[in-house]
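Peer 1: just to be clear, the model below is a prediction. Sequence and coordinates:
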Amino acid sequence: MEKEGAGKKVLVVDDKEENRRLLRKVLALHAYSIVEAATGEMAIELAQTERPDLILMDIRLREGIDGIEATRRLKALPSVAHIPVVAITASVTPADRQRALDSGCSGFIRKPIDIDEFPKQVAQYIA
């Protein structure tokens, strides 16, 4: 049986290596190809060169632009505007959720992730 991530590429954007490592491990178990960025600027560059099927965006990045601004910029670029961006964050207030959606995010995944539910959530956004 083919895994749900086979042939699909996910750009993981998080400034914390340990968070990227966990997401990478869980996604790799489901056969996703993973590209990683530690900053919003790097995410914009990689989205344009790698053309992922999904972008998982931490909205609170410490260096450079934050995930909200990176998402706005991505959605303003015709070449990558169609790629779904999902906020992945521990900031789960209604205001944070609304800011993420207003910036162009397709949805919201809470950190810490549930490693059993996470692959299903990712697959929903790619489908």
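Peer 2: Structure received. Residues are numbered from 1 along each chain as shown.
Peer 1: going forward, measure contacts between C-alpha atoms and count neighbours the same way
Peer 2: Noted.
Peer 1: surely residue 119 touches residue 26?
Peer 2: Yes: look at residue 119 against residue 26 with C-alpha atoms under 8 Å: they come within range, at 7.4 Å.
Peer 1: these two: which is more packed in?
Peer 2: residue 119 (20 against 15; other C-alpha atoms under 10 Å).
Peer 1: tell me which element the more buried one is part of?
Peer 2: helix 118-126 (DSSP states H and E).
Peer 1: how far out from the middle of the chain is that helix?
Peer 2: Chain-centre distance of helix 118-126: 11 Å, with C-alpha atoms, centre = their mean, to the nearest Å.
Peer 1: for that helix, what is the average pLDDT?
Peer 2: On average, the pLDDT along helix 118-126 is 95.
Peer 1: so for the residue nearest the centre of the chain, what's the pLDDT?
Peer 2: Centroid-nearest residue in the chain: residue 56, 0.6 Å away (criterion: C-alpha atoms, centre = their mean). pLDDT, residue 56: 98.
Peer 1: so it makes contact with residue 85?
Peer 2: Yes: the criterion here is C-alpha under 8 Å, and residue 56 meets it with residue 85 at 5.9 Å.
Peer 1: what are the ranges of the helices in this structure?
Peer 2: Per DSSP state H, the chain carries helices over the ranges 17-29, 40-50, 67-75, 94-103, 118-126.
Peer 1: any chance of these in TSV, plus distance to residue 8?
Peer 2: Output for these, formatted as TSV (distance: least, C-alpha to C-alpha, whole Å):
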stretch	distance to residue 8
helix 17-29	10
helix 40-50	11
helix 67-75	19
helix 94-103	23
helix 118-126	8
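Peer 1: what's the closest of these to residue 81?
Peer 2: Among those, helix 67-75 comes nearest to residue 81, with 4.2 Å by C-alpha to C-alpha.
Peer 1: where does the protein dip in pLDDT?
Peer 2: 1-2 (pLDDT under 70).
Peer 1: that older thread, quick check: the gap between the residue nearest to the centre of the chain and residue 19.
Peer 2: As judged by C-alpha to C-alpha, to the nearest Å, residue 56 and residue 19 stand 11 Å apart.
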